[in-house]
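>>> whatever this is, show me its structure:
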Amino acid sequence: MRPAASKTKTAGLALRTVEVPFGHRVGFTGKGWAPGVARHADGSPRAPLGTAFQKRKAPPPTTGISGNDYAANFVDFLDAAPAGAPWLFWYGGTERAEVWGRPAGLAIAGDGSLLMNLGSLVTIASVAPRNLVHFVCENDTYEANGAHPIPGAGQVDFAGLARAAGYRRVHDFAALDDFASRVGDVLREDGPVFATLRVVPGAPSPQDFPALHSLASRRAFVERLEAS
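Numbers count the residues shown, from 1 in each chain. Here you go, the predicted model:
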């Protein structure tokens, strides 16, 4: 399963692929970059979210829901990307936080983040919010600090932990097509609902911590901040 936020592709659309650092292809559907206008250092406009995929429409199932067929536009994006190319896709929902007319809450976390806050599972299950859907992206790494493996990588059963903590419904998705076909039902279930999304780690990124955290870099940041 590839995460809906890391790789690009469209059939029959004028496609302008945006190259971003580390070779990712980028696209989006729904609401894009906001607020304001993203610009390059020279002041010229830039498209940080890449190509817009807005062609597909669908009859809204209820009031307050956009006519944008987000899933179909995501498929167009995937169809347009070169096979095997890394991608990043932005879903910009324009609806209020509702699931078919009832208030809803979505929580999206990483496996490393949850591992450092396992007590939250018991707290959530104890409060038992019926409108909460809790997604956890599982790629077995602390990706933000150099893709170091999490303790118990490949062994920790996050879905099992949520089930033992008392979540009402628990799911474990390992295939994108399975997730795409069932996510609508998952969002309509009485919560708290827990779902792991088994994804692959992203492309390696530079970990130039001396440059980021050096005294010179900090001084330069403070000087620019004070001058602004």
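>>> least confident secondary structure element in the chain?
Of all the helices and strands that make up the chain, the one with the lowest confidence by mean pLDDT, DSSP states H and E is strand 18-19; it has a mean of 40.
>>> which element is residue 185 on?
Using DSSP states H and E, residue 185 sits in helix 176-188.
>>> what packs against that helix?
Contacts defined by 3 or more C-beta pairs under 8 Å, 6 or more residues apart in numbering; DSSP states H and E place helix 176-188 against strand 169-173, strand 193-198. Where C-beta positions appear, they are placed from N, C-alpha and C, glycine not excepted.
>>> the ones you listed: which one's closest to residue 80?
Set against residue 80 and scored by C-beta to C-beta, those come closest in strand 193-198, at 22.8 Å.
>>> direction included, what does that closest one pair up with?
Partners of strand 193-198 in the sheet, by DSSP bridges, are strand 132-138 (parallel), strand 169-173 (parallel).
>>> out of those, flag the one nearest residue 192.
Each of these was checked against residue 192 via C-beta to C-beta, and the shortest separation belongs to strand 132-138, namely 4.6 Å.
>>> could you spell out the sheet neighbours of the helix or strand following the closest one, each with its direction?
Per DSSP H and E, the first helix or strand lying C-terminal to strand 132-138 is strand 141-142. For strand 141-142, the paired strands and their directions (DSSP bridges) read strand 148-149 (antiparallel).
>>> which ones are touching residue 132?
Neighbouring residues of residue 132 by C-beta atoms under 8 Å, 6 or more residues apart in numbering: 104-107, 124, 191-193.
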